[in-house]
Each structure stands twice: as structure tokens, then as C-alpha cells.
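S.K.: Give me a model of this one.
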Amino acid sequence: MAEQTKKTLAPDERLDFKKILPIFIIVLIDLLGLTVIIPLMPLYATSFGADPFLVGVLGAAYPVMQFIGAPFLGRLSDRFGRKPILVISQLGTFVGFLVLGLANALWLLFLARLIDGISGANISTAQAAITDSTNEKTRTQGLGLLGAAFGLGFIIGPVIAFLSLAASGNDYRLPAFVAAGFSAMSILLTTFWFHETLPEEARGEAGRKSAFSFAAMYKALRNPAVGILLGLMFAQQIAFGGFEQLLSLFTLNRLGLNASGNAVIFVFVGVIVVTIQGGFIGSWSRKLGDRRLIYLGLAALAVGLALVAVTPHQPVPWYSKAALTQELTANGDLRPQANLTTHNLQIGIPDGGHNGWLGLAWILLAMVPASIGGGILQPSINSLITKRVRKDEVGGILGISASFLSGANAVAPLLGGAIFQALGATWPFLFGGLLMGALWLGALQMIKPGREESAPPGLAHSAEGGH
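M.R.: Residues are numbered from 1 along each chain as shown. Reported below is the predicted structural model:
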């Protein structure tokens with residue numbers, strides 16, 4: 001069936017996987033380093049005496065610096081090419097992981113995340129390389145494959161972290177060095193395998209543009225062709241980013257799931273995202289177009305978050321309050337300052353006694369539309385953005401888009417955590433569902449068909465030039 005579908009596609013509708021494969025592999029390996037670290041950062045910070053507020057600040061440090069760094073390096077990639085900027089950003093990530101592994105004080109954890117964040121143009125530069133290597137009809141599928149790399153990373157990374165912790169007796173330094181190893185591997189692959197996708201003759205016009213300013217971001221928001229899309233990128237990530245950041249606290253409170261149980265939930269989400277972005281989004285984009293795909297993503301995410309919010313209060317069948325409390329309060333030789341309790345986490349856990357499958361089954365069901373919506377939105381919004389700007393501005397506008405994503409990733413855990421603490425576990429997800437529902441209604445009215453739906457592919461990039 002897949003071969004038959006491939007034969008029915010016109011040549012310009014077929015994604016050139018030979019061009020995309022090096023970018024996909026490089027991004028996947030780079031992401032493995034990041035996803036090995038993400039599950040450990042809160043406990044790593046706690047081992048140096050950080051309170052929950054400082055843990056939240058540490059979590060925001062990376063996206064805040066990426067908010068600043070991504071558009072700057074995105075513009076530089078328009079001027080000097082994708083390859084040198086990709087290597088520079090990967091070197092920063094490598095140094096950040098080394099500092100993390102060598103850290104013996106909390107300030108070094110912050111330094112590591114700041115270094116990694118300011119050099120974190122990996123994804124926006126890879127998006128620009130994908131755009132260079134695709135046409136109007138294959139771009140959404142190409143960008144979707146980067147999302148699939150994210151999904152695979154979030155499946156494989158935590159498994160690697162678990163194995164390295166098991167091998168080292170829960171020494172948090174080893175996963176950091178493992179992450180540095182993946183980063184070094186991505187540098188070698190970029191240097192020796194990746195071929196520059198932006199020819200020299202396409203760099204001159206971009207070279208006269210400023211690298212980054214808030215004025216440029218404000219100007220982009222005011223651009224009638226892409227402003228609403230950039231705002232939508234930020235808003236959807238507030239909801240989906242908050243969902244990712246707070247899900248483990250929610251399932252701890254509602255279902256009594258420990259770290260291992262939450263790992264299974266995240267693997268389930270990752271499998272759905274990989275399936276959507278790696279398998280279905282290309283055909284859906286060709287059938288529906290990016291604009292309608294955005295409508296679908298907003299609706300699915302709204303339904304999924306609302307369903308998560310009303311998950312029944314029922315601990316899983318194997319839940320034991322005593323066992324979970326012991327896990328949360330355990331101290332080891334490598335965490336001498338840690339004192340993890342349900343009190344200072346400010347998270348209540350179930351009493352038990354009415355264990356069952358309903359709560360777990362409900363949230364797994366809710367994960368399906370939430371993951372589909374989250375998997376659709378980012379690549380479809382970015383794809384539509386690239387079709388509504390000039391070709392020489394693609395790297396810069398994707399950098400700005402990445403900055404809005406990073407800004408949302410910084411705001412989401414702070415906003416969601418405040419709502420969680422003030423109103424309870426239900427409200428961050430219910431708020432996100434209502435926000436996505438309102439954005440869906442607004443998108444139906446405000447995101448109108450553009451020239452990319454009627455103009456020949458070669459002319460679509462001139463859409464902004466007419467304004």
C-alpha cells in the first residue's frame with residue numbers, strides 16, 4: 001500500500017529522504033543528550049540543596065537563553081550557511097554537558113544550562129536546513145520528521161538515563177557525561193556527513209539583516225502574513241509545554257504513579273507523536289493543507305487536555321502509599337542534602353484503598369488526542385510560516401518562531417505551577433484545554449487562505465513581499 005501511494009505522488013510531492021536523513025539523524029543524536037538529562041535535572045538540583053522555586057528557575061534557564069540565542073544564530077545561518085552555525089551550537093551544548101557532569105555546586109548547574117541554552121540554535125538551524133531541502137508540498141512532512149526525532153528522543157533518552165543510573169549506582173554525573181558523548185557524536189556527524197543546504201548566492205540578502213532584536217520580533221508579530229501564526233505558536237506551547245512539564249506531578253497526585261510509571265506514560269506519548277509526525281502528517285498535509293491541519297491540531301489538543309483535567313481520582317492497582325513515600329523521601333550517599341518529601345514538593349499523594357484501572361485507562365485515552373494535537377501543531381504552523389515569507393528570510397523567521405517556543409517553554413512551568421499550587425491539579429490542564437478551544441475558534445476566523453493555497457509553489461515565497 002505504501003509503495004502504491006508513493007507511485008501515485010508527483011515527483012514534487014515526494015520527500016527526498018536522502019537529503020533529509022542526515023539532518024534527522026544529527027538532530028536525533030543531539031536530542032538524545034538533552035533527553036537523557038531532562039528527567040534528572042530536578043533531582044540533580046535538589047541534591048545541591050535547591051528548593052522547589054530554584055528548581056523551577058533552573059528549568060526556565062535553558063529556554064530563556066534559547067529565546068535570546070535561537071533567532072540570533074538563525075540570522076547568522078542565513079548569512080554564513082547552516083553547517084557552521086550548527087557546529088557552533090553543538091559545541092556549546094557539548095561544553096554545557098561537560099560542566100554539568102563536573103558540577104560540584106548549584107551555580108555550576110545554572111552555568112551549564114545557560115551555556116547550552118544560549119547556543120541552542122540546533123533545532124531552528126535544522127528547520128532551516130529542512131526548508132532548504134524541501135518544496136511547498138513536502139515541507140510539512142520534512143518538518144514533521146524533526147518532530148518525530150523529538151518523539152524518538154523522548155522515548156530513548158529516559159531509557160538511557162535509567163540504564164546509566166543503574167550502572168553507576170545512581171551517580172547523576174554519569175548521565176551528564178553520556179549526554180556529552182552524544183553531543184560529541186552529533187558534532188562529528190555534522191562535520192563529516194552533513195552537506196551545506198544554503199548556497200552562497202542565497203546568503204547575500206540575509207547578510208544585511210540584523211541578527212536579533214525585540215523590535216524584529218514585534219515587527220514579525222505585526223506582519224499580517226505570519227503574525228497570528230507566531231502568536232499561535234507561543235500560545236499552543238504554553239498549553240502543551242505546561243502539559244509536558246506538569247504531567248508527572250499530576251499523575252503522582254491523581255494516580256499515585258512513581259517515576260517508573262510516569263516513564264511509561266511519556267513513552268506512550270512519544271510513540272503517538274512519532275507515529276503522527278513520522279507517518280501521517282505528510283499525507284494529512286497534502287489532503288488538508290497546513291491551515292486546516294492547524295485547526296485539527298487545536299481541536300484535538302483542546303479535547304485531550306480537558307479529558308486529562310477530569311481524570312478520575314483512583315490510584316493504580318499496584319499503588320502503595322508507604323512504598324511511594326519511601327521512594328520520595330529516600331536519601332542516598334550522592335544526595336546528602338536532598339530531603340524529598342511530599343510536603344516540600346507540595347504535592348499530595350493518594351491514600352489508597354480503592355485502587356483500580358479506571359484512572360490509568362482514562363488518562364491513557366486522553367493522551368491520544370492531546371498527543372495528536374501537540375504533534376500536529378508545531379510542524380504545521382512552522383510550515384505555513386515558511387510559505388508566507390520570502391526564501392531569504394526563512395532562517396530568521398524560524399529563529400523567531402523558535403524564540404516564541406522557548407519563551408513559552410519558560411513561561412509554561414511557572415504559570416502552570418502557580419495555577420497547580422493555587423487551585424489544584426485539575427486547573428492547569430483545564431485552563432490549557434479552554435485556551436486551545438478559544439484559539440481554535442479564533443483561528444477559524446483569523447487564519448484565512450493565503451497565496452500558498454492558490455499560487456504555484458515557486459511563487460508562494462513572495463507572499464510577504466507584496467505587503
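S.K.: what about Ile419, how many neighbours?
M.R.: Ile419: 20 surrounding residues under other Cβ atoms under 10 Å. Quick note: C-beta positions are derived from backbone N, CA and C, even for glycine.
S.K.: Report the residue spans of the stretch 1-150 of the chain with pLDDT below the cut-off.
M.R.: 1-17, 39-40, 42-43, 45-47, 49-53, 55-56, 120-122 (pLDDT under 70).
S.K.: Show me the helices in it, by range?
M.R.: Ranges of helices in the stretch 1-150 of the chain, per DSSP state H, counting those that start in this stretch, are 2-8, 17-37, 41-46, 52-80, 82-102, 106-118, 122-132, 139-168.
S.K.: Number of residues surrounding Ile38?
M.R.: Using other Cβ under 10 Å, Ile38 has 18 neighbouring residues.
S.K.: quick one: it and Arg113, what's the gap?
M.R.: With distances taken as Cβ to Cβ, to the nearest Å, Ile38 is found 11 Å from Arg113.
S.K.: Same question for Ile294.
M.R.: For Ile294, the distance to Arg113 - Cβ to Cβ - is 32 Å.
S.K.: residue nearest the centroid of this protein?
M.R.: Phe150 (6.8 Å; Cα atoms, centre = their mean).
S.K.: Quick check: the gap between that residue and Gly352.
M.R.: 36 Å.
S.K.: Same check on Gly373?
M.R.: Distance, Gly373 to Gly352, by Cβ to Cβ: 33 Å.
S.K.: More neighbours: which of the two?
M.R.: The neighbour count for Gly373 versus Gly352, taken as other Cβ under 10 Å, is higher for Gly373 (26 against 13).
S.K.: For the more buried one, pull up the helix or strand it's in.
M.R.: Applying DSSP states H and E as the criterion places Gly373 in helix 358-386.
S.K.: Show me what that helix is packed up against.
M.R.: With contacts taken as 3 or more Cβ pairs under 8 Å, 6 or more residues apart in numbering; DSSP states H and E, helix 358-386 sits against helix 139-168, helix 227-255, helix 259-275, helix 281-309, helix 394-423.
S.K.: Can you mark which positions in it are buried?
M.R.: If you call a residue buried by 16 or more other Cβ atoms under 10 Å, then helix 358-386 has these buried ones: 359-360, 362-363, 366-386.
S.K.: The residue nearest to the centre of the chain against Leu32, yeah?
M.R.: No. Counting by Cβ atoms under 8 Å, Phe150 stays clear of Leu32, with 10.9 Å between them.
S.K.: who are the neighbours in contact with Pro428?
M.R.: Applying Cβ atoms under 8 Å, 6 or more residues apart in numbering to Pro428 gives the contacts Gly242, Leu246, Phe250, Gly416, Gly417, Ile419, Phe420.
S.K.: go again using 7 Å as the cut-off
M.R.: By Cβ atoms under 7 Å, 6 or more residues apart in numbering, the residues touching Pro428 are Gly242, Leu246, Gly416, Ile419, Phe420.
S.K.: separation between it and Ala167?
M.R.: For Pro428, the distance to Ala167 - Cβ to Cβ - is 36 Å.
S.K.: and what of Gly359?
M.R.: Gly359 is 33 Å from Ala167, by Cβ to Cβ.
S.K.: cool, Phe250 as well?
M.R.: 31 Å.
S.K.: same question, Ala300
M.R.: 39 Å.
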